[in-house]
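Chemist: Build the 3D model from these lines:
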Amino acid sequence: MPVNRWRIALSPVALLLFFSGRPAAGHRPEVGRAKVTVDLGDLEGVTFVGALDRWDIDGNHRRPVNPKAKIDAPEVDAIATNTGENKWVFKDLKPGKHDLVIMGPGKVRIEGWTFAPVLEFDPFFPPDATVDDEVREEIDDHIRKSRHYENKVVPLHIGGDEKASRILVMLIRDLPTSYEAEMPGAATMRFEIWQYTWKYGGWVKEKRTKVLHRVILPRDELRQWTWVWDPQLGGVEVKDSPVTVEYQPPDLADRKLKGLYPY
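Modeler: Down below sits the predicted model:
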């Protein structure tokens with residue numbers, strides 16, 4: 001006769017203690033959350049502010065990257081409400097580190113990020129992490145000289161330590177692709193985190209990457225967009241008390257923030 005190896009015999013007293021300690025059906029203990037205010041000052045034309053909880057504690061995606069994502073409709077985990085005076089409020093953002101997304105007038109998207117681990121057991125690096133100029137130049141040169149499927153591969157930000165350097169990379173293919181049958185004039189764009197590891201006396205690129213976003217849209221439309229990245233909007237830490245983020249980006253016309261600009 002088959003034996004159920006998962007069966008546990010409980011006495012009546014044990015059963016009573018077990019069930020009396022459980023929350024009632026439909027009830028869950030509340031987890032500490034916090035109010036987060038994003039004060040955008042005199043920044044005009046903001047239409048949307050969202051928060052992304054991208055990574056678990058090990059640096060894995062909390063949800064898969066959507067290959068059909070829309071550049072003008074960020075898929076976020078929380079959406080702020082404009083409460084007046086350009087103060088955007090998340091009423092109960094859960095604890096953790098969040099990346100903020102701001103949509104501006106026309107075709108403008110400003111976003112934060114964190115350098116999530118690419119390899120297992122590696123640490124996170126904050127978005128404002130840096131590397132020595134010599135390291136930056138070596139990695140930048142290697143990326144630009146390497147062959148890629150995309151015709152535009154641009155390292156945007158590099159940060160790390162003496163063992164690993166991570167790079168926020170923009171990859172665009174706006175030449176003809178296999179998607180032409182489905183979308184004439186299609187272009188693809190991805191933002192990824194790459195890693196170069198110090199091995200054998202030099203910086204070696206890891207094959208594994210972490211994808212942040214992938215979009216496909218007509219190339220003529222892509223070329224009208226501004227999608228830039230600001231470390232000030234990345235890794236916003238939320239615990240159990242209110243947080244205020246004051247943010248004023250540089251003039252986008254100066255192109256100081258790195259990313260996609262109309263071309």
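
Chemist: For the stretch 151-263 of the chain, just list every one of the helices.
Modeler: Under the criterion DSSP state H, counting those that start in this stretch, the stretch 151-263 of the chain carries helices at the ranges 219-222.

Chemist: Quick test: name the residue nearest the centre of this protein.
Modeler: For the chain, Trp113 is the residue whose C-alpha lies nearest the centre (Cα atoms, centre = their mean; 4.8 Å).

Chemist: so who does that one touch?
Modeler: Asp99, Pro127, His157, Leu168, Phe191, Ile193, Leu212, Trp229, Pro231, Gly234 (Cβ atoms under 8 Å, 6 or more residues apart in numbering). Glycine gets a C-beta too; all of them are placed from N, C-alpha and C.

Chemist: who touches the last one in this structure?
Modeler: So that's Gly234. With Cβ under 8 Å, 6+ apart, Gly234 has these contacts: Asp99, Leu100, Gly112, Trp113, Thr114, Pro126, Pro127.

Chemist: okay, it: pLDDT?
Modeler: pLDDT, the model's per-residue confidence, is 99 for Gly234.

Chemist: Do I have it right that Gln232 meets Gly112?
Modeler: Yes. Taking contacts as Cβ atoms under 8 Å, Gln232 lies within contact range of Gly112: 6.9 Å.

Chemist: Those two - which one has more neighbours?
Modeler: Between Gln232 and Gly112, Gly112 has the larger neighbour count (other Cβ atoms under 10 Å), namely 23 against 17.

Chemist: how close does that one get to Lys210?
Modeler: 15 Å (Cβ to Cβ, to the nearest Å).

Chemist: Ok, Arg144 next?
Modeler: On the measure of Cβ to Cβ, Arg144 and Lys210 end up 21 Å apart.

Chemist: Flag the shaky bits of this structure, pLDDT-wise.
Modeler: Regions of the chain meeting the criterion pLDDT under 70 cover residues 1-31.

Chemist: Can you tell me what sits against the longest helix along it?
Modeler: For the chain, the helix that runs over the most residues, judged by DSSP state H, is helix 133-145. For helix 133-145, the surrounding residues in contact (Cβ under 8 Å, 6+ apart) are Val131, Val153, Pro155, Ile158, Gly160, Ser165, Ile167, Val169, Trp194, Tyr196, Trp203, Lys205.

Chemist: can you rerun that using 7 Å?
Modeler: Val153, Pro155, Ile158, Ser165, Ile167, Tyr196, Trp203 (Cβ atoms under 7 Å, 6 or more residues apart in numbering).

Chemist: Let me have those in JSON lines, extended by neighbour count and distance to Ile79.
Modeler: Below are these laid out as JSON lines (neighbours: other Cβ atoms under 10 Å; distance: Cβ to Cβ, whole Å):
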{"residue": "Val153", "neighbour count": "19", "distance to Ile79": "32"}
{"residue": "Pro155", "neighbour count": "18", "distance to Ile79": "31"}
{"residue": "Ile158", "neighbour count": "22", "distance to Ile79": "31"}
{"residue": "Ser165", "neighbour count": "26", "distance to Ile79": "34"}
{"residue": "Ile167", "neighbour count": "24", "distance to Ile79": "30"}
{"residue": "Tyr196", "neighbour count": "23", "distance to Ile79": "36"}
{"residue": "Trp203", "neighbour count": "18", "distance to Ile79": "40"}
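
Chemist: quick one: which of those is nearest to Pro67?
Modeler: Set against Pro67, the nearest of the contacts of helix 133-145 by Cβ to Cβ is Val153 (19.0 Å).
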